[in-house]
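**Q** Quick check, what structure comes out for this input:
(chains A, B, C and D)
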2 protein chains.
Amino acid sequence: MGSKGDNNRQRIVDAADQLFHTRGYNQTSFRDISEITGIPRGNFYYYFKTKDDILGAVIDSRTKFYSEMLAQCETAASQPLERLLAFANMLEDFSDSIVEVGCPIGSLTSELAKDEPHLQKKSREIFELLRDWIEKNLSTAGVSDSQNAAMDMLARMQGVSVMACAFKDKSYLHRGLEEVRSWLKKLILN
Amino acid sequence: MGSKGDNNRQRIVDAADQLFHTRGYNQTSFRDISEITGIPRGNFYYYFKTKDDILGAVIDSRTKFYSEMLAQCETAASQPLERLLAFANMLEDFSDSIVEVGCPIGSLTSELAKDEPHLQKKSREIFELLRDWIEKNLSTAGVSDSQNAAMDMLARMQGVSVMACAFKDKSYLHRGLEEVRSWLKKLILN
DNA sequence: GTCTATACCTTGATAGAC
DNA sequence: GTCTATCAAGGTATAGAC
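**A** Presented below is the predicted three-dimensional model:
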(Lines give C-alpha, C1' and ligand atoms only; values in the text may rest on other atoms or scores of the structure.)
Protein backbone atom coordinates (compact mmCIF):
# COMPACT_ATOMS: atom_id res chain seq x y z
CA MET A 1 0.00 0.00 0.00
CA GLY A 2 1.58 3.22 -1.15
CA SER A 3 4.83 1.45 -1.95
CA LYS A 4 6.61 2.16 -5.18
CA GLY A 5 5.58 -1.16 -6.66
CA ASP A 6 1.93 -0.23 -6.62
CA ASN A 7 2.61 2.43 -9.22
CA ASN A 8 4.27 -0.03 -11.54
CA ARG A 9 1.57 -2.57 -10.98
CA GLN A 10 -1.10 -0.04 -11.85
CA ARG A 11 0.81 1.10 -14.93
CA ILE A 12 0.99 -2.50 -16.15
CA VAL A 13 -2.74 -2.96 -15.62
CA ASP A 14 -3.56 0.30 -17.41
CA ALA A 15 -1.37 -0.49 -20.41
CA ALA A 16 -2.71 -4.04 -20.59
CA ASP A 17 -6.26 -2.73 -20.35
CA GLN A 18 -5.72 -0.51 -23.36
CA LEU A 19 -3.94 -3.18 -25.38
CA PHE A 20 -6.42 -5.94 -24.57
CA HIS A 21 -9.10 -3.62 -25.87
CA THR A 22 -7.43 -2.55 -29.10
CA ARG A 23 -5.56 -5.73 -30.03
CA GLY A 24 -7.30 -8.39 -27.98
CA TYR A 25 -6.02 -10.49 -25.10
CA ASN A 26 -4.32 -13.24 -27.07
CA GLN A 27 -2.71 -10.81 -29.49
CA THR A 28 -1.18 -8.71 -26.74
CA SER A 29 2.30 -9.79 -25.71
CA PHE A 30 4.41 -8.93 -22.67
CA ARG A 31 6.70 -7.16 -25.09
CA ASP A 32 3.85 -4.84 -26.10
CA ILE A 33 3.08 -3.97 -22.50
CA SER A 34 6.79 -3.54 -21.80
CA GLU A 35 7.24 -1.12 -24.68
CA ILE A 36 4.38 1.11 -23.50
CA THR A 37 5.27 1.13 -19.82
CA GLY A 38 9.05 0.97 -20.13
CA ILE A 39 8.98 -1.79 -17.53
CA PRO A 40 11.14 -4.82 -18.49
CA ARG A 41 9.27 -7.99 -19.39
CA GLY A 42 10.82 -9.99 -16.57
CA ASN A 43 9.53 -7.57 -13.96
CA PHE A 44 5.93 -8.45 -14.67
CA TYR A 45 6.40 -11.62 -12.70
CA TYR A 46 7.13 -9.66 -9.58
CA TYR A 47 3.60 -8.26 -9.73
CA PHE A 48 1.71 -11.11 -11.43
CA LYS A 49 2.17 -14.84 -11.53
CA THR A 50 0.84 -15.36 -15.07
CA LYS A 51 -0.60 -13.48 -18.01
CA ASP A 52 -4.02 -14.67 -16.92
CA ASP A 53 -3.46 -12.87 -13.63
CA ILE A 54 -2.89 -9.63 -15.50
CA LEU A 55 -6.16 -10.16 -17.31
CA GLY A 56 -7.84 -10.81 -13.98
CA ALA A 57 -6.53 -7.48 -12.68
CA VAL A 58 -7.68 -5.74 -15.87
CA ILE A 59 -11.18 -7.16 -15.45
CA ASP A 60 -11.22 -5.97 -11.83
CA SER A 61 -10.17 -2.54 -13.04
CA ARG A 62 -12.92 -2.47 -15.64
CA THR A 63 -15.49 -3.61 -13.09
CA LYS A 64 -14.49 -0.67 -10.92
CA PHE A 65 -14.69 1.67 -13.89
CA TYR A 66 -18.22 0.67 -14.85
CA SER A 67 -19.26 0.63 -11.22
CA GLU A 68 -18.27 4.27 -10.94
CA MET A 69 -19.99 5.05 -14.21
CA LEU A 70 -23.26 3.68 -12.83
CA ALA A 71 -22.77 5.70 -9.65
CA GLN A 72 -22.38 8.79 -11.81
CA CYS A 73 -25.66 7.99 -13.55
CA GLU A 74 -27.37 7.85 -10.18
CA THR A 75 -25.90 11.20 -9.18
CA ALA A 76 -26.85 12.79 -12.49
CA ALA A 77 -30.53 11.92 -12.24
CA SER A 78 -33.01 10.82 -9.61
CA GLN A 79 -35.60 9.06 -11.76
CA PRO A 80 -35.04 5.58 -13.23
CA LEU A 81 -35.74 6.56 -16.84
CA GLU A 82 -33.38 9.51 -16.68
CA ARG A 83 -30.73 7.33 -15.09
CA LEU A 84 -31.02 4.70 -17.80
CA LEU A 85 -30.89 7.37 -20.50
CA ALA A 86 -27.81 8.85 -18.84
CA PHE A 87 -26.16 5.44 -19.04
CA ALA A 88 -26.96 5.09 -22.74
CA ASN A 89 -25.67 8.62 -23.33
CA MET A 90 -22.35 7.89 -21.65
CA LEU A 91 -21.67 5.06 -24.06
CA GLU A 92 -21.76 7.54 -26.92
CA ASP A 93 -18.52 9.00 -25.56
CA PHE A 94 -16.79 5.81 -26.63
CA SER A 95 -18.31 5.63 -30.08
CA ASP A 96 -15.01 6.07 -31.89
CA SER A 97 -13.31 3.12 -30.25
CA ILE A 98 -16.46 0.97 -30.46
CA VAL A 99 -16.53 1.46 -34.23
CA GLU A 100 -12.81 0.77 -34.45
CA VAL A 101 -12.39 -2.29 -32.22
CA GLY A 102 -15.78 -3.05 -30.68
CA CYS A 103 -17.28 -2.85 -27.21
CA PRO A 104 -14.61 -3.50 -24.55
CA ILE A 105 -16.88 -5.83 -22.56
CA GLY A 106 -18.57 -7.59 -25.44
CA SER A 107 -15.48 -8.21 -27.53
CA LEU A 108 -13.47 -9.43 -24.55
CA THR A 109 -16.20 -11.79 -23.42
CA SER A 110 -16.57 -13.10 -26.97
CA GLU A 111 -12.84 -13.66 -27.29
CA LEU A 112 -12.56 -15.45 -23.96
CA ALA A 113 -15.52 -17.70 -24.79
CA LYS A 114 -13.32 -19.46 -27.33
CA ASP A 115 -10.35 -20.41 -25.18
CA GLU A 116 -10.53 -19.13 -21.62
CA PRO A 117 -13.79 -20.32 -20.05
CA HIS A 118 -12.63 -19.51 -16.53
CA LEU A 119 -11.80 -15.91 -17.37
CA GLN A 120 -14.90 -15.54 -19.51
CA LYS A 121 -16.90 -16.21 -16.39
CA LYS A 122 -15.05 -13.41 -14.66
CA SER A 123 -15.53 -10.95 -17.52
CA ARG A 124 -19.22 -11.87 -17.58
CA GLU A 125 -19.47 -10.34 -14.11
CA ILE A 126 -19.20 -6.90 -15.71
CA PHE A 127 -22.29 -7.73 -17.74
CA GLU A 128 -24.00 -8.93 -14.58
CA LEU A 129 -23.19 -5.66 -12.86
CA LEU A 130 -24.79 -3.68 -15.69
CA ARG A 131 -27.72 -6.06 -16.03
CA ASP A 132 -28.56 -5.89 -12.33
CA TRP A 133 -28.34 -2.10 -12.29
CA ILE A 134 -30.57 -1.80 -15.35
CA GLU A 135 -32.99 -4.33 -13.90
CA LYS A 136 -33.18 -2.41 -10.63
CA ASN A 137 -34.05 0.81 -12.43
CA LEU A 138 -36.56 -0.81 -14.75
CA SER A 139 -38.19 -2.48 -11.79
CA THR A 140 -38.40 0.80 -9.88
CA ALA A 141 -39.97 2.37 -12.96
CA GLY A 142 -42.68 -0.27 -12.82
CA VAL A 143 -41.63 -2.31 -15.82
CA SER A 144 -42.99 -5.83 -15.66
CA ASP A 145 -40.56 -8.60 -16.53
CA SER A 146 -37.68 -6.26 -15.77
CA GLN A 147 -35.21 -9.16 -15.77
CA ASN A 148 -35.78 -9.97 -19.42
CA ALA A 149 -36.02 -6.30 -20.35
CA ALA A 150 -32.60 -5.65 -18.82
CA MET A 151 -31.07 -8.43 -20.90
CA ASP A 152 -32.80 -7.02 -23.96
CA MET A 153 -31.33 -3.58 -23.37
CA LEU A 154 -27.82 -5.00 -23.12
CA ALA A 155 -28.41 -7.21 -26.16
CA ARG A 156 -29.55 -4.26 -28.24
CA MET A 157 -26.51 -2.25 -27.27
CA GLN A 158 -24.22 -5.17 -28.04
CA GLY A 159 -25.93 -5.72 -31.37
CA VAL A 160 -25.47 -2.17 -32.57
CA SER A 161 -21.87 -2.23 -31.35
CA VAL A 162 -21.08 -5.38 -33.31
CA MET A 163 -22.70 -4.09 -36.49
CA ALA A 164 -21.22 -0.60 -36.20
CA CYS A 165 -17.79 -2.13 -35.76
CA ALA A 166 -18.31 -4.61 -38.60
CA PHE A 167 -19.39 -1.87 -41.00
CA LYS A 168 -17.13 0.84 -39.53
CA ASP A 169 -20.26 2.95 -39.38
CA LYS A 170 -20.36 5.51 -36.61
CA SER A 171 -23.66 7.00 -37.74
CA TYR A 172 -25.30 3.60 -37.44
CA LEU A 173 -24.05 3.35 -33.88
CA HIS A 174 -25.70 6.65 -33.04
CA ARG A 175 -28.93 5.69 -34.74
CA GLY A 176 -28.95 2.34 -32.97
CA LEU A 177 -28.39 3.89 -29.56
CA GLU A 178 -31.12 6.43 -30.30
CA GLU A 179 -33.47 3.53 -30.94
CA VAL A 180 -32.49 2.00 -27.63
CA ARG A 181 -33.39 5.25 -25.92
CA SER A 182 -36.76 5.54 -27.63
CA TRP A 183 -37.44 1.88 -26.84
CA LEU A 184 -36.66 2.64 -23.18
CA LYS A 185 -39.04 5.59 -23.12
CA LYS A 186 -41.83 3.59 -24.72
CA LEU A 187 -41.23 0.75 -22.28
CA ILE A 188 -41.38 2.92 -19.19
CA LEU A 189 -43.92 5.57 -20.21
CA ASN A 190 -46.19 2.95 -21.83
CA MET B 1 -9.92 -28.96 -61.11
CA GLY B 2 -10.74 -32.49 -60.10
CA SER B 3 -7.11 -33.18 -59.28
CA LYS B 4 -6.18 -34.93 -56.09
CA GLY B 5 -4.93 -31.71 -54.52
CA ASP B 6 -8.37 -30.17 -54.56
CA ASN B 7 -9.50 -32.71 -52.02
CA ASN B 8 -6.69 -31.83 -49.67
CA ARG B 9 -7.26 -28.14 -50.19
CA GLN B 10 -10.92 -28.50 -49.33
CA ARG B 11 -10.14 -30.61 -46.28
CA ILE B 12 -7.78 -27.92 -45.03
CA VAL B 13 -10.44 -25.25 -45.54
CA ASP B 14 -13.10 -27.32 -43.78
CA ALA B 15 -10.90 -28.06 -40.77
CA ALA B 16 -9.76 -24.44 -40.56
CA ASP B 17 -13.37 -23.28 -40.78
CA GLN B 18 -14.31 -25.39 -37.80
CA LEU B 19 -11.26 -24.41 -35.77
CA PHE B 20 -11.51 -20.70 -36.54
CA HIS B 21 -15.05 -20.87 -35.25
CA THR B 22 -14.41 -22.77 -32.03
CA ARG B 23 -10.96 -21.42 -31.09
CA GLY B 24 -10.69 -18.24 -33.11
CA TYR B 25 -8.40 -17.36 -35.99
CA ASN B 26 -5.36 -16.26 -34.01
CA GLN B 27 -5.60 -19.16 -31.60
CA THR B 28 -5.68 -21.77 -34.35
CA SER B 29 -2.27 -23.06 -35.40
CA PHE B 30 -1.14 -25.02 -38.43
CA ARG B 31 -0.45 -27.85 -36.05
CA ASP B 32 -4.14 -27.93 -35.06
CA ILE B 33 -5.25 -28.10 -38.67
CA SER B 34 -2.61 -30.72 -39.38
CA GLU B 35 -3.78 -32.93 -36.53
CA ILE B 36 -7.38 -32.90 -37.72
CA THR B 37 -6.69 -33.43 -41.41
CA GLY B 38 -3.63 -35.64 -41.11
CA ILE B 39 -1.95 -33.40 -43.66
CA PRO B 40 1.61 -32.36 -42.67
CA ARG B 41 2.11 -28.70 -41.79
CA GLY B 42 4.57 -28.09 -44.59
CA ASN B 43 2.06 -29.15 -47.21
CA PHE B 44 -0.22 -26.26 -46.44
CA TYR B 45 2.11 -24.03 -48.38
CA TYR B 46 1.51 -25.99 -51.50
CA TYR B 47 -2.15 -24.94 -51.37
CA PHE B 48 -1.89 -21.55 -49.65
CA LYS B 49 0.78 -18.90 -49.50
CA THR B 50 0.05 -17.72 -45.97
CA LYS B 51 -2.26 -18.33 -43.05
CA ASP B 52 -4.21 -15.26 -44.12
CA ASP B 53 -4.87 -16.98 -47.43
CA ILE B 54 -6.43 -19.91 -45.60
CA LEU B 55 -8.69 -17.48 -43.78
CA GLY B 56 -9.60 -15.92 -47.11
CA ALA B 57 -10.63 -19.33 -48.43
CA VAL B 58 -12.60 -20.01 -45.25
CA ILE B 59 -14.49 -16.75 -45.66
CA ASP B 60 -15.25 -17.64 -49.28
CA SER B 61 -16.54 -20.99 -48.10
CA ARG B 62 -18.75 -19.39 -45.49
CA THR B 63 -20.07 -16.90 -48.01
CA LYS B 64 -21.10 -19.80 -50.21
CA PHE B 65 -22.68 -21.56 -47.24
CA TYR B 66 -24.87 -18.61 -46.27
CA SER B 67 -25.66 -17.92 -49.89
CA GLU B 68 -27.09 -21.41 -50.19
CA MET B 69 -28.93 -20.98 -46.92
CA LEU B 70 -30.68 -17.90 -48.28
CA ALA B 71 -31.53 -19.78 -51.47
CA GLN B 72 -33.12 -22.47 -49.30
CA CYS B 73 -35.22 -19.83 -47.56
CA GLU B 74 -36.48 -18.66 -50.93
CA THR B 75 -37.38 -22.19 -51.93
CA ALA B 76 -39.10 -22.89 -48.64
CA ALA B 77 -41.47 -19.94 -48.88
CA SER B 78 -42.76 -17.54 -51.50
CA GLN B 79 -43.73 -14.58 -49.35
CA PRO B 80 -41.13 -12.18 -47.89
CA LEU B 81 -42.29 -12.52 -44.29
CA GLU B 82 -42.24 -16.29 -44.44
CA ARG B 83 -38.79 -16.21 -46.01
CA LEU B 84 -37.44 -13.94 -43.31
CA LEU B 85 -38.97 -16.13 -40.63
CA ALA B 86 -37.43 -19.19 -42.27
CA PHE B 87 -34.05 -17.50 -42.07
CA ALA B 88 -34.47 -16.74 -38.38
CA ASN B 89 -35.61 -20.32 -37.80
CA MET B 90 -32.56 -21.79 -39.47
CA LEU B 91 -30.28 -19.98 -37.04
CA GLU B 92 -31.88 -21.89 -34.20
CA ASP B 93 -30.22 -25.01 -35.56
CA PHE B 94 -26.88 -23.58 -34.48
CA SER B 95 -27.98 -22.49 -31.03
CA ASP B 96 -25.65 -24.88 -29.22
CA SER B 97 -22.50 -23.60 -30.86
CA ILE B 98 -23.65 -19.97 -30.64
CA VAL B 99 -24.01 -20.32 -26.88
CA GLU B 100 -20.66 -22.05 -26.64
CA VAL B 101 -18.45 -19.91 -28.88
CA GLY B 102 -20.65 -17.22 -30.42
CA CYS B 103 -21.95 -16.44 -33.89
CA PRO B 104 -19.45 -17.56 -36.56
CA ILE B 105 -19.80 -14.33 -38.54
CA GLY B 106 -20.06 -11.90 -35.65
CA SER B 107 -17.25 -13.33 -33.57
CA LEU B 108 -14.90 -13.61 -36.55
CA THR B 109 -15.61 -10.05 -37.68
CA SER B 110 -15.08 -8.81 -34.13
CA GLU B 111 -11.80 -10.67 -33.81
CA LEU B 112 -10.49 -9.42 -37.15
CA ALA B 113 -11.45 -5.83 -36.30
CA LYS B 114 -8.62 -5.82 -33.78
CA ASP B 115 -5.70 -6.89 -35.92
CA GLU B 116 -6.64 -7.78 -39.49
CA PRO B 117 -8.47 -4.82 -41.02
CA HIS B 118 -8.05 -6.15 -44.54
CA LEU B 119 -9.62 -9.50 -43.75
CA GLN B 120 -12.28 -7.89 -41.59
CA LYS B 121 -13.44 -6.11 -44.70
CA LYS B 122 -13.71 -9.45 -46.44
CA SER B 123 -15.61 -11.10 -43.60
CA ARG B 124 -17.94 -8.10 -43.53
CA GLU B 125 -19.08 -9.14 -46.99
CA ILE B 126 -20.98 -12.04 -45.41
CA PHE B 127 -22.90 -9.50 -43.36
CA GLU B 128 -23.52 -7.49 -46.52
CA LEU B 129 -24.88 -10.56 -48.25
CA LEU B 130 -27.36 -11.15 -45.42
CA ARG B 131 -28.23 -7.49 -45.07
CA ASP B 132 -29.00 -7.09 -48.77
CA TRP B 133 -31.14 -10.22 -48.82
CA ILE B 134 -33.08 -9.09 -45.76
CA GLU B 135 -33.44 -5.61 -47.20
CA LYS B 136 -34.77 -6.99 -50.47
CA ASN B 137 -37.43 -9.01 -48.68
CA LEU B 138 -38.43 -6.19 -46.34
CA SER B 139 -38.68 -3.87 -49.30
CA THR B 140 -40.86 -6.33 -51.22
CA ALA B 141 -43.06 -6.61 -48.15
CA GLY B 142 -43.59 -2.87 -48.30
CA VAL B 143 -41.53 -1.90 -45.26
CA SER B 144 -40.42 1.72 -45.43
CA ASP B 145 -36.79 2.39 -44.57
CA SER B 146 -35.96 -1.21 -45.32
CA GLN B 147 -32.23 -0.44 -45.33
CA ASN B 148 -32.18 0.54 -41.68
CA ALA B 149 -34.62 -2.20 -40.76
CA ALA B 150 -32.32 -4.82 -42.29
CA MET B 151 -29.40 -3.57 -40.20
CA ASP B 152 -31.65 -3.61 -37.14
CA MET B 153 -32.59 -7.22 -37.73
CA LEU B 154 -28.95 -8.26 -37.99
CA ALA B 155 -28.05 -6.17 -34.95
CA ARG B 156 -30.76 -7.79 -32.87
CA MET B 157 -29.60 -11.25 -33.83
CA GLN B 158 -26.00 -10.35 -33.06
CA GLY B 159 -27.02 -8.87 -29.73
CA VAL B 160 -28.85 -11.94 -28.54
CA SER B 161 -25.96 -14.12 -29.75
CA VAL B 162 -23.39 -12.11 -27.79
CA MET B 163 -25.46 -12.14 -24.61
CA ALA B 164 -26.45 -15.80 -24.90
CA CYS B 165 -22.78 -16.70 -25.34
CA ALA B 166 -21.67 -14.43 -22.51
CA PHE B 167 -24.21 -15.92 -20.09
CA LYS B 168 -24.09 -19.42 -21.56
CA ASP B 169 -27.87 -19.18 -21.72
CA LYS B 170 -29.53 -21.14 -24.49
CA SER B 171 -33.05 -20.29 -23.36
CA TYR B 172 -32.24 -16.61 -23.64
CA LEU B 173 -31.10 -17.17 -27.22
CA HIS B 174 -34.44 -18.76 -28.05
CA ARG B 175 -36.40 -16.02 -26.36
CA GLY B 176 -34.35 -13.37 -28.13
CA LEU B 177 -34.87 -14.95 -31.55
CA GLU B 178 -38.57 -15.27 -30.81
CA GLU B 179 -38.65 -11.53 -30.17
CA VAL B 180 -36.92 -10.92 -33.48
CA ARG B 181 -39.63 -12.94 -35.21
CA SER B 182 -42.47 -11.09 -33.49
CA TRP B 183 -40.75 -7.78 -34.26
CA LEU B 184 -40.61 -8.86 -37.91
CA LYS B 185 -44.30 -9.73 -38.00
CA LYS B 186 -45.26 -6.45 -36.39
CA LEU B 187 -43.05 -4.57 -38.82
CA ILE B 188 -44.51 -6.19 -41.92
CA LEU B 189 -48.13 -6.74 -40.91
CA ASN B 190 -48.33 -3.30 -39.25
C1' DG C 1 1.90 -33.68 -55.22
C1' DT C 2 3.48 -35.24 -50.94
C1' DC C 3 6.48 -35.47 -47.16
C1' DT C 4 10.37 -34.48 -43.61
C1' DA C 5 13.37 -31.61 -41.57
C1' DT C 6 14.34 -27.39 -40.04
C1' DA C 7 15.11 -22.27 -40.02
C1' DC C 8 13.87 -18.32 -37.60
C1' DC C 9 11.11 -15.72 -34.69
C1' DT C 10 8.12 -14.62 -30.73
C1' DT C 11 5.87 -16.24 -26.85
C1' DG C 12 5.24 -16.74 -21.65
C1' DA C 13 8.03 -17.74 -17.99
C1' DT C 14 12.43 -18.41 -14.92
C1' DA C 15 17.01 -17.54 -12.62
C1' DG C 16 19.82 -14.92 -10.32
C1' DA C 17 22.74 -10.51 -9.89
C1' DC C 18 22.26 -6.09 -7.84
C1' DG D 1 12.18 -3.93 -5.96
C1' DT D 2 14.46 -3.73 -10.22
C1' DC D 3 17.00 -5.45 -13.92
C1' DT D 4 19.36 -8.60 -17.59
C1' DA D 5 19.98 -12.79 -19.54
C1' DT D 6 18.04 -16.75 -20.90
C1' DC D 7 14.98 -20.83 -21.22
C1' DA D 8 11.73 -24.15 -23.46
C1' DA D 9 7.86 -24.28 -26.31
C1' DG D 10 5.34 -23.18 -30.04
C1' DG D 11 4.40 -20.06 -34.08
C1' DT D 12 4.70 -19.38 -39.37
C1' DA D 13 7.24 -20.28 -43.14
C1' DT D 14 10.97 -22.47 -46.21
C1' DA D 15 14.05 -25.99 -48.52
C1' DG D 16 14.60 -29.79 -50.76
C1' DA D 17 14.18 -35.03 -51.13
C1' DC D 18 11.04 -38.27 -53.07
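
**Q** Give me the mean pLDDT for the lengthiest helix in chain A.
**A** Counting residues, the longest helix found in chain A (DSSP state H) is helix A:51-76. Average pLDDT, helix A:51-76: 98.

**Q** for stretch A:101-109, same thing?
**A** In this model, stretch A:101-109 carries a mean pLDDT of 98.

**Q** wait, does it contact chain B?
**A** Yes. Residues of stretch A:101-109 contacting chain B under CB under 8 Å from any CB of the partner chain: A:Val101, A:Gly102, A:Gly106, A:Ser107, A:Thr109. To be clear about C-beta, it is placed using only N, CA and C from the backbone, and glycine gets the same treatment.

**Q** Now go through the residues you listed and say which are in helices.
**A** A:Val101, A:Gly106, A:Ser107, A:Thr109.

**Q** ok, for the second one, nearest residue in space, not its chain neighbours?
**A** Computed as CB to CB, 6 or more residues apart in numbering or on different chains, the closest residue to A:Gly106 that is not its neighbour in sequence is A:Gln158, at 4.8 Å.

**Q** Considering the ones in helices among the residues of stretch A:101-109 next to chain B, which possesses the most neighbours?
**A** Neighbour counts for those (other CB atoms under 10 Å in any protein chain shown) peak at A:Gly106, which has 28 neighbours.

**Q** Hmm, A:Val162 and that one touching each other?
**A** Yes. The criterion here is CB atoms under 8 Å, and A:Gly106 meets it with A:Val162 at 7.1 Å.

**Q** what about the helix or strand hosting the residue nearest to A:Gly106, distance to the chain center?
**A** Here A:Gln158 sits within helix A:146-167, counting by DSSP states H and E. Relative to its parent chain, helix A:146-167 has a centroid offset of 13 Å by CA atoms, centre = their mean, to the nearest Å.

**Q** Stretch A:126-136 now?
**A** Distance of stretch A:126-136 from its chain centroid, counting by CA atoms, centre = their mean, is 12 Å.

**Q** now what about it, what contacts it?
**A** Applying CB atoms under 8 Å, 6 or more residues apart in numbering or on different chains, the contact partners of stretch A:126-136 are A:59, A:62-63, A:66-67, A:70, A:84, A:87, A:105, A:109, A:146-147, A:149-151, A:153-154, B:163, B:166-167.

**Q** Same question for that stretch: list its buried residues.
**A** Under the neighbour-count criterion of 16 or more other CB atoms under 10 Å in any protein chain shown, stretch A:126-136 has A:Ile126, A:Phe127, A:Leu129, A:Leu130, A:Arg131, A:Trp133, A:Ile134, A:Glu135 buried.

**Q** residue contacts, A:Leu81?
**A** For A:Leu81, the contacting residues are A:Asn137, A:Ala141, A:Leu184, A:Lys185, A:Ile188, A:Leu189, by CB under 8 Å, 6+ apart.

**Q** Sorry, slip of the keys, the one I care about is A:Ala164.
**A** A:Ser95, A:Ile98, A:Val99, A:Lys170, A:Tyr172, A:Leu173, A:Gly176.

**Q** hmm, try it at 7 Å
**A** Residues in contact with A:Ala164, defined by CB atoms under 7 Å, 6 or more residues apart in numbering or on different chains, are A:Ile98, A:Val99, A:Lys170, A:Tyr172, A:Leu173, A:Gly176.

**Q** for chain B, what are the nearby residues on chain A?
**A** With CB under 7 Å from any CB of the partner chain as the criterion, chain A meets chain B at residues A:22-24, A:26-27, A:101-102, A:106-107, A:109-111, A:113-115, A:124, A:127, A:148, A:151, A:154-156, A:158-160, A:162-163, A:165-167, A:172, A:176.

**Q** 8 Å instead?
**A** Contact residues, chain A versus chain B (CB under 8 Å from any CB): A:22-24, A:26-27, A:100-102, A:106-107, A:109-111, A:113-115, A:120, A:124, A:127, A:148, A:151-152, A:154-160, A:162-163, A:165-167, A:172, A:175-176, A:179.

**Q** Would you mind writing the ChimeraX command to select the buried ones in these?
**A** Only the buried entries of those go into this ChimeraX selection, using 16+ other CB under 10 Å:
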select /A:22,23,24,26,27,100,101,102,106,107,109,110,111,113,114,115,120,124,127,148,151,152,154,155,156,157,158,159,160,162,163,165,166,167,172,176
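
**Q** just to revisit the earlier point, closest one of the ones in helices among the residues of stretch A:101-109 next to chain B to A:Arg31?
**A** Nearest to A:Arg31 out of those is A:Val101 (CB to CB; 19.9 Å).

**Q** Could you measure from that closest one over to A:Tyr47?
**A** Separation of A:Val101 from A:Tyr47 (CB to CB, to the nearest Å) stands at 26 Å.
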